[in-house]
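> Next comes the sequence, and after it the predicted model I'd like to discuss.
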Amino acid sequence: MIERIVFISVFFLFLYLKNIYVILIFIGIILLIDYKNAIKRSKKVIFSIFLFNFSVSIGYFLMSLFKNIKPWEYIIYINLKVFLMTYFVFLFFEKINVTKFFSFSKDLSYLMTMTLSQIFSYKKTFEDFKMAFKSRVINIKNKEKTFIANTFKFFFTKSLNDSKERSLAMKARGFFEN
């Protein structure tokens, strides 16, 4: 119970931060708390948010050209804020048991279990693909683009099929009541 209160309180605190310097101070604090894994986790966070932050930053920059405003302060602000909140979520849920965190609600527990099982299943399948690719291909660089494209296509198709099955399972358990 206490971990839920701490998580929600800190998350909302970070959500309502408006000053870049205060955000930088909190980033410094959270990196100091996690000093042993700060570089490794920072890379993981940047990798996971890069596409979102890049597209939002480009979109805001392009919009600022038409509106004749200076975008840099807001772009820095939003990127730092997303980094801080994502880093906090990664750090927090590494320390806390995720399924226990959502145990207060039967529906959330069920959704979390389904989500985690799908994540682990996809991760295992991806690792199997990588090992099979490395063991069967001599010149990896020539075939890497094909591997990535085929793997993406497989997971895209698999996720569409899995979503249909999971949707039916959730309907059977009363999640989508009309």
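Alright, I've got the coordinates. Just so it is clear, the structure is predicted and the values come from calculations on it, not from any experiment. Numbering: from 1, shown residues only.
> Name the residue most distant from the centre of this protein?
Going by Cα atoms, centre = their mean, the residue of the chain most distant from its centre is residue 138, 33.4 Å out.
> Look up phi and psi at that residue.
Here is the backbone geometry of residue 138 (degrees, to the nearest 10): phi -80, psi -50.
> OK, contacts around it?
Residues in contact with residue 138 (Cβ atoms under 8 Å, 6 or more residues apart in numbering): none are found. C-betas here are computed from N, CA, C, even on glycine.
> Check the gap between it and residue 108 for me.
Using Cβ to Cβ, to the nearest Å, residue 138 is found at 48 Å from residue 108.
> cool, residue 43 as well?
Residue 43 is 30 Å from residue 108, where distance means Cβ to Cβ.
> More neighbours: which of the two?
Comparing residue 43 with residue 108 by other Cβ atoms under 10 Å, the one with more neighbours is residue 108, at 13 against 10.
> Could you pull out the buried residues of the helix or strand where the more buried one lies?
Secondary structure assignment for residue 108, by DSSP states H and E: helix 106-136. Within helix 106-136, the residues that qualify as buried are 112, 133, counting by 16 or more other Cβ atoms under 10 Å.
> Any idea how far the next helix or strand after it is from the middle of the chain?
Proceeding N to C from helix 106-136, the next assigned helix or strand is helix 140-172, under DSSP H and E. Remark: helix 140-172 is offset 18 Å from the chain centroid, using Cα atoms, centre = their mean, to the nearest Å.
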